[in-house]
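Trainee: I need the structure of the sequence given here:
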Amino acid sequence: MSFQELLNQVGSLGRFQILQIVFLLLLNAIVVPHIAMENFTAAIPNHRCWVPILDNDTASDNGSRILSQDDLLRISIPLDSNLRPEKCRRFAQPQWHLLHLNGTFSNVSEPDTEPCVDGWVYDRSNFLSTIVTEWDLVCESQALNSVTKFSFMIGLFIGGIICGHLSDRWLSESARWLIVTNKPQKGLKELRKVAHMNGMKNSGDLTMEIVRTSMKAELEAAKTKPSLRDLFHTSILRKRICVLSFMRLFFTVSIFGLAVHLQHLSSNIILLQFLISALAILVSVIGPFVLNHIGRRITYLVLMSLRGIFILIAVFVPQEMQTLRIIMATLAEGISSLCVGVSRLHTNELLPTTLRATAVGVIGFFGNSGSFLSPLFMLLATYYANMPWIFYGGFSIFNAFTVFLLPETKNQPLPDSTHDVGNDWKESRKGKKEDPIIKVTRF
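Mentor: Below you'll find the predicted structure:
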């Protein structure tokens with residue numbers, strides 16, 4: 001008998017498992033919207049300098065009241081390289097002569113312009129108020145917008161550490177983990193609890209002797225108490241921890257970098273967010289079937305590569321091609337949720353049960369570090385507007401190919417101890433063939 005048969009005896013998918021899934025979904029439903037809200041609360045609307053002749057209702061000098069808004073804008077705000085009104089500079093004095101010029105004209109020299117010393121005028125057609133309009137986080141202060149996102153991500157980082165400890169109070173511990181960490185009594189208690197919630201009437205037949213017999217090999221390996229040092233005990237496990245940690249770092253930089261800066265890719269952020277949510281639901285339904293047939297590595301390779309390509313296309317196509325930009329941004333962010341799922345599943349299946357919680361904590365530390373570093377890459381936009389997106393897309397593509405440094409886990413033995421990981425993967429496959437009842441990863 002294996003642990004899987006023990007699990008079948010108490011109900012492998014019953015009321016207990018469904019309640020756990022629902023509870024975790026509720027927690028995610030509380031946290032994730034706060035990340036998406038950054039695209040609304042920190043949106044940067046179109047803006048220009050405030051000028052008296054255009055924005056002061058009492059201004060009537062030089063007959064400006066008889067001029068149209070477009071004419072007043074033309075003599076007050078210079079044009080940028082794309083022949084659009086500058087966002088951060090204005091003419092020091094109204095340039096009346098520009099009213100008599102036809103067609104395009106050269107921009108004036110620097111002495112004829114000045115910064116927005118009197119503030120800005122914002123386009124409030126989409127958002128009446130954001131932190132950008134409230135605190136004027138534009139032009140010279142635009143970097144502070146990234147700082148606010150950095151502060152938000154730091155809060156997520158600290159909250160993840162605190163909530164990780166708090167979760168032990170209301171989440172049931174894994175019976176398998178309790179048994180292989182030499183706590184069979186507690187493991188048996190959890191199994192009986194699961195059986196009772198799942199309505200399994202034969203739960204009373206489950207005894208300590210059955211547990212010890214079915215998991216004899218795991219209990220033998222559990223006699224040695226695992227420690228943090230054991231994560232680097234074998235070369236194979238050491239390699240996996242290092243590769244997974246750096247993959248998670250680049251992964252979260254790319255994931256959060258796109259997630260909190262969607263407003264840079266489309267002026268209609270409400271439509272974009274709706275399309276992303278709809279696609280994410282569809283992808284989440286299809287995802288398990290893809291994993292079942294293709295496997296972890298190929299699925300991850302394809303998804304992350306496409307995601308990076310979509311990001312790069314979205315930022316390099318002209319601003320006028322808004323439809324294409326929205327499609328690319330939707331595809332990139334829509335498959336991100338499945339990328340997260342594949343990454344976490346693959347990670348858990350590569351780590352031994354006795355050290356999984358500790359290893360996931362170490363890898364998660366690198367991942368959380370990437371989450372609060374991701375907004376800081378947007379500061380590179382001051383040197384080149386597309387540079388942050390080159391990193392976000394490039395990290396995604398780089399991550400896609402790094403997965404080949406790790407073995408495939410589909411239908412492979414699930415390691416229980418460092419000894420299982422320490423063995424060569426070919427030996428593990430050989431052991432699987434010799435013992436047909438050994439636990440393998442599902443899907």
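
Trainee: burial of Y122, as a residue count?
Mentor: Residues lying near Y122 (other Cβ atoms under 10 Å) number 20. All C-beta atoms are positioned from the backbone trio N, CA, C, and that covers glycine.

Trainee: one more: L79?
Mentor: The local packing of L79 (other Cβ under 10 Å) involves 16 other residues.

Trainee: what's the pLDDT at it?
Mentor: Per-residue pLDDT puts L79 at 84.

Trainee: gap between the nearest residue to R356 once chain neighbours are set aside and L231?
Mentor: Ranked by Cβ to Cβ, 6 or more residues apart in numbering and with sequence neighbours excluded, the top spatial neighbour of R356 is N348, at 6.5 Å. N348 sits 15 Å away from L231, going by Cβ to Cβ, to the nearest Å.

Trainee: between these two, which one's more packed in?
Mentor: Regarding N348 and L231, a neighbour count based on other Cβ under 10 Å identifies L231 as having more, with 22 against 15.

Trainee: these two touch, right, the more buried one and C242?
Mentor: No: L231 lies out of contact with C242 (Cβ atoms under 8 Å); the separation is 9.9 Å.

Trainee: which residues does F391 contact?
Mentor: V253, S254, G257, F377, L380 (Cβ atoms under 8 Å, 6 or more residues apart in numbering).

Trainee: those into JSON lines, with extra columns for distance to L282 and neighbour count?
Mentor: Listed next are the contacts of F391 as JSON lines, based on distance: Cβ to Cβ, whole Å; neighbours: other Cβ atoms under 10 Å:
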{"residue": "V253", "distance to L282": "26", "neighbour count": "25"}
{"residue": "S254", "distance to L282": "22", "neighbour count": "29"}
{"residue": "G257", "distance to L282": "23", "neighbour count": "26"}
{"residue": "F377", "distance to L282": "29", "neighbour count": "21"}
{"residue": "L380", "distance to L282": "33", "neighbour count": "16"}
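
Trainee: export the residues you listed to CSV and tack on secondary structure?
Mentor: Shown next, in CSV, are these (DSSP: H, G, I helix; E, B strand; the rest coil):
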residue, secondary structure
V253, helix
S254, helix
G257, helix
F377, helix
L380, helix
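
Trainee: now those residues in CSV, with pLDDT?
Mentor: Converted to CSV, the contacts of F391 look like this (pLDDT from 0 to 100):
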residue, pLDDT
V253, 94
S254, 94
G257, 91
F377, 92
L380, 90
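
Trainee: tell me the one of the residues you listed nearest I161?
Mentor: Set against I161, the nearest of these by Cβ to Cβ is V253 (19.1 Å).

Trainee: contacting residues around that closest one?
Mentor: The contact partners of V253, by Cβ under 8 Å, 6+ apart, come to G370, S371, L373, S374, F377, F391, Y392, F395.

Trainee: any chance of those in JSON lines with distance to G361 and secondary structure as columns?
Mentor: What follows is the contacts of V253, written out as JSON lines (distance: Cβ to Cβ, whole Å; DSSP: H, G, I helix; E, B strand; the rest coil):
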{"residue": "G370", "distance to G361": "15", "secondary structure": "helix"}
{"residue": "S371", "distance to G361": "15", "secondary structure": "helix"}
{"residue": "L373", "distance to G361": "19", "secondary structure": "helix"}
{"residue": "S374", "distance to G361": "20", "secondary structure": "helix"}
{"residue": "F377", "distance to G361": "25", "secondary structure": "helix"}
{"residue": "F391", "distance to G361": "27", "secondary structure": "helix"}
{"residue": "Y392", "distance to G361": "26", "secondary structure": "helix"}
{"residue": "F395", "distance to G361": "23", "secondary structure": "helix"}
